[in-house]
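Student: Sharing a sequence plus its predicted fold:
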Amino acid sequence: MGAIYDSFERQLDVWSRRYAESPRDEMIQLCLTALEREELVTVGYREDLMLRRLASMKVTHDVHEIVHHALVWAWKDEEMHAIYIRGALLRLGNWYLRANTFTRQMAGAIAGWASSVRQHVSWRHAPLSRMGASFITAAGALAGKVPRDVRQHLNYGPFRNFCMFNVDAERTAWLCWKRMAELAEQIPDFHPNAVADFCRVQADEERHARLFQILADVLDDNDALAEGHSTESLTRRIGEVSEFFLPRRLRRNYVVRNSLGGGGKVWVLEGAGVKPKLDFFQQLLRESKLAERIRDRAVEAGRPVKELKVAIKPTFMLGYDRSDTSIITDPPLLDALARYLREAGCDDIAVVESRNIYDRFFHARTVREVATYFGIHSPYYRLVDGSEEQVPHSYFRGFAQYSVARTWKEADFRISFGKMRSHPVELAYLTVGNVEWMGGRCDEFIFAERQAHRETAIMMLLDEFPPHFAILDAYESAADGLVGVMGCPRPKRPLRFYAGADPLAVDIVAARHMGVRDPRKSSILRAASHWFGTSSEQIEVVGVDTPLADWNDPYHNDISTFLSLIAFPVYVMGSGRGSLFLPEMDEAAFPFIRPETFTERIGRRGMRLLLGLRRPR
């Protein structure tokens with residue numbers, strides 16, 4: 001093993017003796033160390049930096065693509081590790097530990113920036129950045145935070161040197177998480193899934209070490225492929241670690257079971273008025289060949305169509321008043337879809353929704369009660385509350401998502417039926433994000449003590465229980481503006497429907513029509529691109545392919561842009577866990593669980609005024 005590994009092994013021995021009678025204290029030391037290290041590599045492996053470094057390498061486009069994707073996959077792993085262990089620490093301790101947690105994370109971020117600049121940026125290209133990075137490194141050395149064995153690797157040089165350094169670093173991380181897994185078994189009040197989670201991180205770190213070893217082996221000191229190595233041999237060796245480290249086009253097993261990122265055709269139909277809405281919707285279902293896709297799925301499953309279980313995920317639980325239907329899937333369309341599926345031969349059709357954060361504040365917010373309020377019922381489908389049927393599931397990748405709605409999991413054919421809505425953070429909230437309520441509650445992945453990012457929780461569901469088809473309702477009423485995801489006082493009438501077998505392709509096309517030229521500006525679509533891979537060149541639009549007229553996205557003016565930029569941190573840190581961000585709920589149907597205080601009433605009304613969140617008049 002390398003010097004870094006040996007040094008950490010000695011440190012573990014010191015802590016083991018010091019905390020022999022207090023495994024919890026040893027665990028806290030390890031968690032803080034892990035957090036600082038994971039944040040360091042999260043910053044150090046960041047995509048924009050790696051892209052600039054790879055651009056200077058003397059390799060072919062194919063090799064560049066393979067190495068880029070492998071490093072992005074490792075980077076996203078490390079990012080998940082950092083947010084997971086930070087959440088664990090915030091849940092564990094008092095104010096002092098919480099303050100120490102944020103301090104160590106910040107220290108890791110600073111160290112990650114400094115080390116990455118020194119390793120990947122030359123003095124000639126960025127003298128000021130190099131000067132700042134050198135100062136931070138020198139200060140860290142004086143404080144004993146940067147050992148001599150590490151300092152010698154923090155210099156610009158061949159990329160393979162960086163890879164060799166990280167082989168040792170990843171193995172050291174593996175050792176840290178291994179010890180944490182051992183201690184977690186000795187701490188009774190620790191999270192019940194902690195041991196399995198720590199072991200999963202161990203496996204990640206071991207794969208990362210293997211990946212960096214491969215890159216160090218195949219590259220020479222001139223940042224080119226070494227003699228005796230080829231694109232094919234590099235692909236084969238990385239695939240042996242995991243095919244997920246390869247771009248989608250080079251994967252073999254994964255693409256068979258998951259259509260996300262595959263591109264293909266996206267049907268876009270635009271009507272001339274509201275009255276022929278159902279006719280246009282039926283036309284969309286026929287032209288997009290939904291019935292054929294169901295028959296193909298029956299062949300894959302080895303069962304007749306009538307025995308297939310079909311699950312439809314609409315969106316209506318953010319609905320707050322009958323006067324605003326811009327944020328709910330149109331009930332007549334839902335009925336028409338179920339009727340079409342019946343005519344195609346499907347007997348078991350379920351419409352699945354789950355409760356959201358509003359049930360923390362209002363009565364009568366079960367799925368059945370909200371559906372009844374909005375007139376969502378039909379003889380062609382049964383209604384399922386996904387919150388009441390969560391079953392345990394061990395996900396292959398990701399963290400803090402431990403369950404899934406049984407109906408969604410067991411479905412043979414899944415349909416995400418979303419509604420076109422703008423979003424202050426995501427810009428466009430469409431069919432990909434629509435599945436997030438099929439697992440754990442969304443509010444578990446938003447606030448400071450979260451152990452996974454919201455988009456990670458969504459990707460985990462999409463990875464293992466992907467929709468087989470996506471439909472986007474953007475016809476009679478669509479939510480535009482700063483907080484369109486929550487409601488819209490002046491909804492738009494795009495008069496459009498979107499559909500396709502790849503939800504990500506559907507969302508990319510719809511987002512482009514909404515003015516989001518780069519889908520990677522949305523954290524959900526960016527995460528989906530990282531997880532599943534996609535390319536605009538692989539998407540074929542059938543029908544209308546023009547921007548929506550008069551659509552005001554959250555960045556349409558300076559004030560809205562500023563509010564959008566601060567929306568996420570304000571909601572996470574200053575909303576009282578969502579308490580201030582409540583719409584003008586129909587209180588006759590959904591009364592408050594407890595009376596509003598004076599400050600709550602003023603705060604909520606002020607926030608609605610600021611965001612323009614009010615009922616349509």
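Tutor: Nice, thanks for sending it over. Numbering: from 1, shown residues only.
Student: Assign V384 to helix, strand or coil.
Tutor: Under DSSP: H, G, I helix; E, B strand; the rest coil, V384 falls in the strand class.
Student: so what's it bridging to?
Tutor: For V384, the beta-bridge partners are V352 (DSSP bridges).
Student: count of neighbours near Y429?
Tutor: Neighbour count of Y429, defined by other C-beta atoms under 10 Å: 27. Where you see a C-beta, it was placed from the backbone N, CA and C, and this is true even at glycine.
Student: Roughly how far does it sit from A589?
Tutor: Applying C-beta to C-beta, to the nearest Å, the value for Y429 to A589 is 24 Å.
Student: so what's the residue nearest to the spatial centre of the chain closest to, chain neighbours aside?
Tutor: Nearest to the mean C-alpha position of the chain, by C-alpha atoms, centre = their mean, lies E455 at 1.9 Å. Leaving aside its sequence neighbours, E455 sits nearest to A527 (C-beta to C-beta, 6 or more residues apart in numbering; 4.0 Å).
Student: How about L32?
Tutor: Nearest one to L32, counting by C-beta to C-beta, 6+ apart, is R104 at 5.0 Å.
Student: tell me the contacts of the one you found?
Tutor: 32, 35-36, 39 (C-beta atoms under 8 Å, 6 or more residues apart in numbering).
Student: let's go with 6 Å and repeat that
Tutor: Going by C-beta atoms under 6 Å, 6 or more residues apart in numbering, R104 touches 32, 35-36.
Student: How confident is the prediction for it, by pLDDT?
Tutor: We note a pLDDT of 90 for R104 in this prediction.
Student: Quickly note the distance from it to L175.
Tutor: 19 Å.
Student: same thing with L334?
Tutor: Distance from L334 to L175, by C-beta to C-beta: 53 Å.
Student: same check, this time on V506
Tutor: From V506 to L175 the distance is 44 Å (C-beta to C-beta).
Student: Comparing these two, which shows the higher neighbour count?
Tutor: V506 (28 against 16).
Student: my read is the more buried one is in a helix, agree?
Tutor: Yes: the assignment for V506 by three-state DSSP puts it in a helix.
Student: Contacts only, for it.
Tutor: By C-beta under 6 Å, 6+ apart, the contact set of V506 is 266, 431, 470, 472, 498, 500.
Student: on that earlier part again, surely the residue nearest to E455 meets A457?
Tutor: No: contact status for A527 versus A457: not in contact, 10.1 Å apart, counting by C-beta atoms under 6 Å.
Student: the more surrounded of these two?
Tutor: Shown here are A527 and A457; by other C-beta under 10 Å, A457 has more neighbours (27 against 20).
Student: on that earlier part again, helices or strands next to the helix or strand where the residue nearest to E455 lies in the packing?
Tutor: In the assignment (DSSP states H and E), A527 maps to helix 523-532. Judged by 3 or more C-beta pairs under 6 Å, 6 or more residues apart in numbering; DSSP states H and E, helix 523-532 is in contact with helix 454-464.
Student: List the buried residues of the following helix or strand past the helix it packs on.
Tutor: Moving toward the C-terminus from helix 454-464, the next helix or strand (DSSP H and E) is strand 469-474. Of all the residues in strand 469-474, those buried under the rule 16 or more other C-beta atoms under 10 Å are 469-474.
Student: What strands line up against the next helix or strand after the helix holding A527, and which way round?
Tutor: Once the chain leaves helix 523-532, the next helix or strand it forms, by DSSP H and E, is strand 539-543. As defined by DSSP bridges, the strand partners of strand 539-543 come to strand 264-270 (parallel).
Student: in the protein, what spans have low per-residue confidence?
Tutor: Where the chain drops to pLDDT under 70, the residues are 1-2, 93, 140, 143-153, 254-256, 535-536, 556.
Student: can you give me the strands for it?
Tutor: Remark: strands assigned in the chain by DSSP state E are 264-270, 309-313, 348-353, 382-385, 390-392, 403-405, 413-419, 421-423, 427-429, 469-474, 496-500, 539-543.
Student: ok, and the closest non-adjacent residue to D324?
Tutor: Nearest one to D324, counting by C-beta to C-beta, 6+ apart, is G487 at 5.0 Å.
Student: Give me the distance between the longest helix seen in the chain and the centre of its chain.
Tutor: Assignment by DSSP state H gives helix 61-92 as the longest helix of the chain. Relative to the mean C-alpha coordinate of its chain, helix 61-92 is positioned 12 Å out (C-alpha atoms, centre = their mean, to the nearest Å).
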